[in-house]
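Asks: Quick one: sequence and predicted model below, then my questions.
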Amino acid sequence: MNAITHHLPDEILAAYAGGSLDYAFELVVAAHVSLCDECRAALTAHEAAGGAVLEEVGATAVSPELRSRLFAELAGPEPEAAVPTWRRRGPYPAPVVEALEGAEPRWRSLGNGARQCMLEESARGSVRLLYIPPGQAMPEHGHRGLELTLVLQGAYRDASGRFGPGDVAVEDDDEGHQPIAEPGEVCICLAAADAPLHFRGIVPRLAQRFFRI
C-alpha cells in the first residue's frame, strides 16, 4: 500500500475514542485506523487521555444487587474474540469484512459501470461501498452534512487532490467536488454520510431517491 497522506481530523478521532460517533462514521474510522499507523497512534493517545479523566472521577458505589449481577456476568462464557485488525479479504480491512458478515459485497448498479453496496442506513446516516470503474467520473455534488470517504483500492482525484488506498476524504456542507477514478485499477471506497448528497445535475437528482444517496 502506498503511503497514506490524508488522515482523520483530531476531533473525529476524539469522538470515536469517546464512543459518540454514529455507526456509519464509526465504521469508516475503524477501517481507516486499521490501515493507518499514524491515526492508530493518535487514537491510542485519545483513549489514554479518556482513561486518565475516568481515574480522576473516582469510584462510584453500587448496590449489592448490581454487584452480584456484574460478577455473575464476569463468570459467564468469554465473548467471541474481535476480528483482528490484520485480517483482510481482498481490499476490505477487518471492520468492513465484519460489516459484510464475511460475505462478498452485494453490488447494485448506479449506471455507467458504477455500483454501490449499502452496509447500513438509518435516520442518522448511511454507509456504503462504492465501486467506480477506471477513468469514470462520479456526478458533481455538494454536501448537506458530513461525508467521510475511505479509499480501499485504486485511487481518485478531485479538486482537493489525489486519494489512494488508506486515504480518507472529509467533506462538509459547504464543499462540492467531482471524484474521478484514476486509470488502471477499479476504485473501491467506503463512504459514510449523515445527510443526502446535493447533486448539481438534474439526472442525478432525479435518480437520488431510487439509489438512496
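Replies: Thanks, I have the structure now.
Asks: Find the nearest non-adjacent residue to Glu171, please.
Replies: Closest residue to Glu171 apart from its sequence neighbours, by C-beta to C-beta, 6 or more residues apart in numbering: Glu147 at 4.4 Å. Glycine gets a C-beta too; all of them are placed from N, C-alpha and C.
Asks: Tell me the spacing between that neighbour and Val168.
Replies: From Glu147 across to Val168, the span is 11 Å (C-beta to C-beta, to the nearest Å).
Asks: same thing with Leu146?
Replies: Counting by C-beta to C-beta, the separation of Leu146 from Val168 is 12 Å.
Asks: And those two? Which one has more around it.
Replies: Val168 (25 against 17; other C-beta atoms under 10 Å).
Asks: State the phi and psi torsions of the more buried one.
Replies: Dihedral pair for Val168: phi -130, psi 130, per degrees, to the nearest 10.
Asks: show me the contacts for Ala15.
Replies: Residues counted as contacts of Ala15 (C-beta atoms under 8 Å, 6 or more residues apart in numbering) are Leu21.
Asks: My assumption is that it lies in a helix; please confirm.
Replies: Yes - when classified by DSSP: H, G, I helix; E, B strand; the rest coil, Ala15 is found to be part of a helix.
Asks: Could you report the pLDDT at it?
Replies: Predicted confidence (pLDDT) for Ala15: 96.
Asks: Distance of it relative to Pro179?
Replies: For Ala15, the distance to Pro179 equals 25 Å [C-beta to C-beta].
Asks: cool, and Ala192?
Replies: 15 Å.
Asks: Ok, Tyr92 next?
Replies: 20 Å.
Asks: ok, those two, which is more surrounded?
Replies: Applying other C-beta under 10 Å to Tyr92 and Pro179 shows that Pro179 carries more neighbours, namely 25 against 21.
Asks: doesn't Met138 make contact with that one?
Replies: Yes - between Pro179 and Met138 there is a contact at 4.8 Å, judged by C-beta atoms under 8 Å.
Asks: Endpoints of stretch 147-167, how far apart?
Replies: Using C-alpha to C-alpha, to the nearest Å, one end of stretch 147-167 lies 14 Å from the other.
Asks: Run through the neighbouring helices and strands of whichever strand or helix holds Ala30.
Replies: Element membership for Ala30, per DSSP states H and E: helix 23-35. When contacts are defined as 3 or more C-beta pairs under 8 Å, 6 or more residues apart in numbering; DSSP states H and E, helix 23-35 sits against helix 10-17, helix 37-57, helix 94-99, strand 114-122, strand 125-132, strand 147-153, strand 187-193.
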